[in-house]
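Asks: I would like the atomic coordinates for the input below:
(one chain, ligands or ions: 2)
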Amino acid sequence: MKSVLITGAKGQLGQSIKKIRSEFTDVALHFFDSNSLDITQQEDVTNIFDEIRPDYCINCAAFTAVDLAETKKEQARAINETGVKNLAEACKDNGSTLIHISTDYVFDGSKDTPYIEEDKVSAVNFYGKTKLEGERIVKETLEKYFIIRTSWLYSEFGHNFVKTMLRLGKERESLKVVNDQHGSPTYAPDLAKAIAKMINSGSDSYGIFHFCNKGVTTWYHFAVEIFRLKKMDVKVSPISSELFPTAAKRSNYSALDSSKFESTFEFKIPKWTESLAKMLPLLS
Ligand SMILES: NC(=O)C1=CN([C@@H]2O[C@H](COP(=O)(O)OP(=O)(O)OC[C@H]3O[C@@H](n4cnc5c(N)ncnc54)[C@H](OP(=O)(O)O)[C@@H]3O)[C@@H](O)[C@H]2O)C=CC1
Ligand SMILES: Cc1cn([C@H]2C[C@H](O)[C@@H](COP(=O)(O)OP(=O)(O)O[C@H]3O[C@@H](C)C(=O)[C@@H](O)[C@H]3O)O2)c(=O)[nH]c1=O
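Replies: Numbers count the residues shown, from 1 in each chain. Ligands and ions are numbered 1, 2, ... in the order given. Got it, this is the predicted structure:
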């Protein structure tokens, strides 16, 4: 039986992995949240690895508050860089494979077709820069690693854009949402199932993979679809990013091409609209 250690277990992806745990075959899953394992504490990481001796570590722990990262730089770096280093080194010492999650925000939007794994990276905000450094550390430390870049994650768990829109839609009659940032919303349990398939396969096709739901949209069209499916009468107006100032800059285009993942792991990825339609009834 394979042993799998999951960090950041109370986050969206961590809880999604728990939700679909029956999809793992012949695997013992060991979940650790930020209380039971703080990945910035090297000694704690070493001790947990000594205890579990995992075949795989899935790193779902991260500093994900994109705007806050611009001011809480030390904290963002501690989690997205030092924490990742601690995990990568523990994986190296134990011969474990690290499955590390990264982001579309490592790209600057200079393309206008979906990014492939070999495309030039260049983050436009501090969160993206820390995630890029996390990727570099993993690649430098390990041979047995999978870096999965995903985008615009949402789920019934934790904080995300879908929940923000539903909350604001109940409070206000109209909303303004940016229509010049393009990407692909991704349902976290779809990603969790993909990770299960990856581990079940025992594949040694290590490296970087992109994974997001099929289709490209904007935050504006994403919001419109949420309210349409929820049959909520909220007026949504498309605006440019200049009219919605945020602490962190976001690129105009960060959609990912997932075909390498699909062909390597023979995994059919659902369209973002289909997954959203399945998820929304789970929210009250
Ligand atoms: N959310 C998104 O839209 C996207 C996310 N990603 C990446 O996907 C991964 C999963 O994201 P998601 O599930 O949405 O993230 P969440 O923010 O939902 O969860 C992150 C988890 O990490 C935990 N955590 C924070 N600091 C530490 C620490 N020092 N030690 C251990 N755990 C810690 C948090 O715990 P606590 O709350 O207790 O601090 C939280 O439960 C991340 O790597 C993220 O960068 C990529 C693209 C899009
Ligand atoms: C709430 C709101 C946001 N927006 C804009 C702000 C921003 O440009 C865009 C998305 O807002 P959010 O802050 O919810 O999303 P953001 O934090 O940018 O989401 C990102 O999170 C990290 C963790 C990732 O890795 C990325 O893939 C991506 O999912 O929508 C509006 O235009 N109107 C609104 O009312």
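Asks: and the stretch 101-250 of the chain, which residues reach ligand 2?
Replies: Contact residues (C-beta under 6 Å from any ligand atom) of the stretch 101-250 of the chain with ligand 2: 103-105, 151-153, 161, 164, 168, 175-178, 181, 219, 244, 246, 250. Placement of C-beta: from N, CA and C, glycine included.
Asks: Take the residues you listed and keep only those in helices.
Replies: If you go by DSSP state H, those have 161, 164, 168, 219 in helices.
Asks: Would you confirm that the last one contacts residue 180?
Replies: The one in question is residue 219. No. Look at residue 219 against residue 180 with C-beta atoms under 8 Å: they stay out of range, at 9.1 Å.
Asks: neighbour-wise, which of the two wins?
Replies: Ranked by neighbour count (other C-beta atoms under 10 Å), residue 219 and residue 180 place residue 219 first, with 23 against 18.
Asks: Kindly state the pLDDT recorded for the more buried one?
Replies: Residue 219 is assigned 98 on the pLDDT scale.
Asks: can you tell me which residues contact it?
Replies: 161, 177-179, 181, 183 (C-beta atoms under 8 Å, 6 or more residues apart in numbering).
Asks: where's the closest residue to residue 240 other than its chain neighbours relative to residue 218, distance?
Replies: Nearest non-adjacent residue to residue 240, counting by C-beta to C-beta, 6 or more residues apart in numbering: residue 180, 5.2 Å away. Applying C-beta to C-beta, to the nearest Å, the value for residue 180 to residue 218 is 7 Å.
Asks: same thing with residue 45?
Replies: 39 Å.
Asks: again, but for residue 204
Replies: Residue 204 sits at a distance of 38 Å from residue 218 (criterion: C-beta to C-beta).
Asks: residue ranges for the strands of this structure, please.
Replies: 2-7, 27-31, 56-59, 97-103, 145-150, 153-154, 174-178, 182-183, 186-187, 207-210, 217-218, 235-239 (DSSP state E).
Asks: Columns distance to ligand 1 and mean neighbour count on top of those strands, output as a markdown table?
Replies: Putting the strands of the chain into a markdown table (distance: least, C-beta to the nearest ligand atom, whole Å; neighbours: other C-beta atoms under 10 Å) gives the following:
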| stretch | distance to ligand 1 | mean neighbour count |
| --- | --- | --- |
| strand 2-7 | 5 | 23 |
| strand 27-31 | 11 | 17 |
| strand 56-59 | 7 | 26 |
| strand 97-103 | 4 | 24 |
| strand 145-150 | 5 | 23 |
| strand 153-154 | 4 | 25 |
| strand 174-178 | 15 | 17 |
| strand 182-183 | 9 | 22 |
| strand 186-187 | 7 | 26 |
| strand 207-210 | 11 | 20 |
| strand 217-218 | 14 | 20 |
| strand 235-239 | 20 | 15 |
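Asks: right, so of those strands, which gets closest to residue 112?
Replies: Of all these, it is strand 182-183 that lies closest to residue 112, at 7.9 Å by C-beta to C-beta.
Asks: Show me what that closest one is packed against.
Replies: Applying 3 or more C-beta pairs under 8 Å, 6 or more residues apart in numbering; DSSP states H and E, one finds that strand 182-183 contacts strand 217-218.
Asks: So which other helices or strands are in contact with the strand it packs on?
Replies: By 3+ C-beta pairs under 8 Å, 6+ apart, strand 217-218 packs against strand 182-183.
Asks: and the strand it packs on, what's its mean pLDDT?
Replies: The average pLDDT for strand 182-183 rounds to 98.
Asks: I'd like to check what contacts that strand. Which residues are they?
Replies: Against strand 182-183 from outside (C-beta under 8 Å, 6+ apart): 104, 112, 151-152, 212, 216-219, 252-255.
Asks: List the contacts of the residue nearest to residue 240.
Replies: Residues counted as contacts of residue 180 (C-beta under 8 Å, 6+ apart) are 218, 240-241, 252.
Asks: Quick check: it vs residue 109, distance?
Replies: Taking C-beta to C-beta, one finds residue 180 at 10 Å from residue 109.
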